[in-house]
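**Student:** compute the structure for the input listed below.
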Amino acid sequence: MRRLPGGDFVMGSDRFYAEERPRRCRRVEGFWIDETPVTNREFAVFVAATGYRTVAQTPPDPADYPGLPASMARAGSFVFQRPRGALDLDDFGQWWPFVLGASWLQPLGEGSSIAALEDHPVVHIAYADAQAYAAWAGKSLPTEAEWEYAARGGLETEFAWGDELAPEGRMLANYWQGEFPHENRMLDGWERTSPVRSFPANAFGLYDMIGNVWEWTCDWHAPPVTEKKRSGSCCVRQRDDSTPAVPGIGFKVLKGGSHLCAANYCQRYRPAARYPHPIDTSTSHIGFRCILRDGDRT
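**Tutor:** Purely as a prediction, here's the structure:
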């Protein structure tokens, strides 16, 4: 883990998506954060120690999902599958099928495995799975503000390294190059996830804060809130979103984008980017990392 001192920073962006606006000043206290997303190797240690089964490995209870066909009450997860040609970008179901048997241990479905993927980020992680690992490790999941502060590395630029996505043509993160969802030129060398530390760390010494996999935060998704300045400081502490913004299945904030973010679709390979995701749903591009707040250390 790396210790970050905390402090004031500018959160959000006015350039891209409405849910990131407005740019506002925030303050976070000091904390420790994992250098990388949790890997398959690390998650396997947790599972071996606890016998934990993830949401994707557990058949859903039809009582929780009225109208669910009995044939679909089976374990599995959503796996990205690249189509052969251009498609309507408004219909993501065309490249996100629900695959029976898909889980962290079988990331592409039944018959696949994590052999040779031990140092890739663990995926097919629902919110409860990330919480369970963090509790076992004696850590926590970051707030959205803590995560963004860490990703920025002390900069106020659009990307974690500056204001150019690929300065001088260099690939500095694992994201989609080409026309999404059918053309992936793989200029970064990877079609799906990449091993952690495959790309340079940010100024705080943290890897894969941008691209590779989306990461869970503990905040419920809600529009950004602006608050008046307090005497003696330009910033206020990030609020704690402790209740769901919508009834039923809640949506938590994902941060960082993934290997599927592209210039023509989901330009969320940036610290300010945020995305609402249902807490009961896992996919092949969602993982997490943990933090340890200064006040929690003994």
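
**Student:** pretty sure residue 285 is touching residue 257, no?
**Tutor:** No - taking Cβ atoms under 8 Å as the definition, residue 285 is not a contact partner of residue 257, at 9.2 Å. Where C-beta positions appear, they are placed from N, C-alpha and C, glycine not excepted.

**Student:** and the helices in the stretch 51-200 of the chain?
**Tutor:** 127-136, 144-152 (DSSP state H, counting those that start in this stretch).

**Student:** please identify which of the ones you listed is closest to residue 13.
**Tutor:** Judged by Cβ to Cβ, the one of the helices of the stretch 51-200 of the chain that comes nearest to residue 13 is helix 144-152, at 10.1 Å.

**Student:** that closest one packs against which elements?
**Tutor:** Where contact means 3 or more Cβ pairs under 8 Å, 6 or more residues apart in numbering; DSSP states H and E, helix 144-152 is packed against strand 7-11, strand 24-28, strand 31-33, strand 214-220, strand 251-255.

**Student:** what's the average pLDDT for that helix?
**Tutor:** Averaging pLDDT along helix 144-152 yields 98.

**Student:** can you check which residues contact both of residue 285 and residue 257?
**Tutor:** Taking Cβ atoms under 8 Å, 6 or more residues apart in numbering as the contact rule, residue 285 and residue 257 both touch residue 214.

**Student:** and the two? Which one has more around it.
**Tutor:** In this view residue 285 and residue 257 are compared by other Cβ atoms under 10 Å, and residue 257 has more residues nearby, 28 against 24.

**Student:** let me know the secondary structure of that one.
**Tutor:** coil (DSSP: H, G, I helix; E, B strand; the rest coil).

**Student:** how about the one 3 residues further on?
**Tutor:** State at residue 260, reduced to three classes by three-state DSSP: coil.

**Student:** do you know how far it is from residue 190?
**Tutor:** 11 Å (Cβ to Cβ, to the nearest Å).

**Student:** now do residue 207
**Tutor:** Distance from residue 207 to residue 190, by Cβ to Cβ: 14 Å.

**Student:** correct me, but residue 13 touches residue 274?
**Tutor:** No - judged on Cβ under 8 Å, residue 13 makes no contact with residue 274 at a distance of 9.8 Å.

**Student:** what's the overlap in contacts for those two?
**Tutor:** Contacts common to residue 13 and residue 274, judged by Cβ under 8 Å, 6+ apart, are residue 20.

**Student:** about what we covered before: compare residue 260 and residue 190 (neighbour count), which wins?
**Tutor:** Using other Cβ under 10 Å, the more surrounded residue of residue 260 and residue 190 is residue 260, with 26 against 19.

**Student:** who are the contact partners of that one?
**Tutor:** For residue 260, the contact set (Cβ under 8 Å, 6+ apart) comprises 80, 175, 176, 180, 181, 266, 285.

**Student:** give me the number of neighbouring residues for the second one.
**Tutor:** By that I understand residue 175. Going by other Cβ under 10 Å, the residues that sit close to residue 175 add up to 26.

**Student:** what's the pLDDT at it?
**Tutor:** 98.

**Student:** angles on the backbone of it, please.
**Tutor:** phi -140, psi 180 (degrees, to the nearest 10).
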